[in-house]
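# What follows is a protein structure lacking sequence information:
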């Protein structure tokens, strides 16, 4: 420190020699005036107390500057509050809305659609005529079948007469027995032909009836797949003409649930779901069936879960995509905290006391813990002296944002640490707050408290 002071005095002496006094050149000032070093030495010999005081002032100033330049700033923290309330654990999946009962109406005969009596969204009753296919060919088939029946009946009548005549002649010995047997056979064949002709007539009449398309159930026409004048062909399979939904006041959702979550889904479980078309509205339903049949897509195994939902207001439409939440666990009136607080781990180098208390078990958002203390975690808070202190907690169920916690020392209103704020972030936040004259104190409180899911 003495060497530093001497060097400073030498620098001051050089500066004094370089500065000319008023009205004199600088080289004359250097010869006529004594140097500052000489003056300091004379003062040192006469007043040592003054020199010691100057040295102390310089030393204190150096220490202060050093600490301000190199000392690390104390860390700032973000906080959230332990709250008391209800928490629910859910399983999320997507599905498609549809009617509980739908019937596809087709045709068993080919031909041109001559009449079309219903359209989309029309309400129909069971037995109501929906459409008619051109019956010309079917009517001709009926006439042809009836003509064949009359022909068969005439043949049978003649065979019956021949059989009766030959029976008498055979009894009188005028006709050989073989001839009589032949007439008996001809009569039986004629009678069978009459039966076949009757069946042909019935078939033709039924095909004629098929040209009229009737509603099989009460409901609403959801789909109409034909136009008037269109020709339909029923060669291999019956083409679909209409799709009728029985009752749209009750809907069902076919939800695809992955194999990792299917064990948590039970029949009768409550369900909440939303649809994109009705933002902000939540609908309720119940698990009706968990189907055993699985489907594999992109190496992912899914199971179909049928959810029944009320649609008495008619807001839900068939085909909508529903985002479904199955309510698997519920915890009422329990303490819960943001998952960010359970994930926080203070650096051991910055605070030795907090570093020694770092917990190794932090609950996972994707694997909610069982109630009853099966999982544990650690929360950190500042004690009245501003020292980071830890408390061990037992974790329960989670909704993916907050987790149920319990343990000694944990109570509602406790502010726990969720993260740190760097000096740059703190300075930026302070500058932004000062530069916004319309910002209220509420905004600052939100930054410190942290809402649900804000981390």
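Looks like it arrived, so ask away. These figures come from a predicted structure and were not determined experimentally.

# any idea how far the residue lying closest to residue 325 once chain neighbours are set aside is from residue 302?
Nearest residue to residue 325, sequence neighbours excluded (CB to CB, 6 or more residues apart in numbering): residue 90, at 4.3 Å. C-beta: built from backbone N, CA, C; applies to glycine. Residue 90 is 18 Å from residue 302, where distance means CB to CB, to the nearest Å.

# for stretch 160-179, how far is the first residue from the last?
14 Å (CA to CA, to the nearest Å).

# Next up, phi/psi of residue 260, please.
When read as degrees, to the nearest 10, the backbone of residue 260 gives phi -70, psi -20.

# surely residue 308 meets residue 250?
Yes. Residue 308 is within contact range of residue 250, at 6.7 Å (criterion: CB atoms under 8 Å).

# Where does pLDDT dip in the stretch 301-450 of the chain?
Within the stretch 301-450 of the chain, the stretches with pLDDT under 70 are 347-374, 422-450.

# Tell me which stretches of it form helices.
339-343, 352-355, 423-435, 441-449 (DSSP state H, counting those that start in this stretch).

# same question, the stretch 151-300 of the chain
Taking DSSP H, counting those that start in this stretch as the test, the helices found in the stretch 151-300 of the chain are 177-210.

# show me the residues around the closest residue in space to residue 99 that isn't next to it in sequence that make contact.
Counting by CB to CB, 6+ apart, residue 99 lies nearest to residue 245, which is 3.6 Å off, once chain neighbours are set aside. If you count contacts by CB atoms under 8 Å, 6 or more residues apart in numbering, residue 245 has them with 99, 101, 102, 219, 220, 222, 318.

# So among these, which ones count as buried?
With neighbours counted by 16 or more other CB atoms under 10 Å, those contain buried members at 99, 219, 220, 222, 318.

# among the residues you listed, which are in strands?
99, 219, 220, 222 (DSSP state E).

# Got the domain ranges for this protein?
As given by automatic domain parsing, the domain ranges for the chain are 2-70, 76-84+335-449, 93-99+244-331, 107-241.

# Run a quick neighbour tally on the residue lying closest to residue 407 once chain neighbours are set aside.
Spatial nearest neighbour of residue 407, chain neighbours left out: residue 393 (4.0 Å); criterion: CB to CB, 6+ apart. Residue 393: 28 surrounding residues under other CB atoms under 10 Å.

# follow-up on the earlier one: give me the secondary structure label for the residue nearest to residue 325.
Of the three states, residue 90 takes strand under DSSP: H, G, I helix; E, B strand; the rest coil.

# Quick check: it vs residue 315, distance?
From residue 90 to residue 315 the distance is 22 Å (CB to CB).

# out of these two, which sits in the busier spot?
Neighbours per residue, other CB under 10 Å: of residue 90 and residue 315, the larger number sits with residue 90, 19 against 12.
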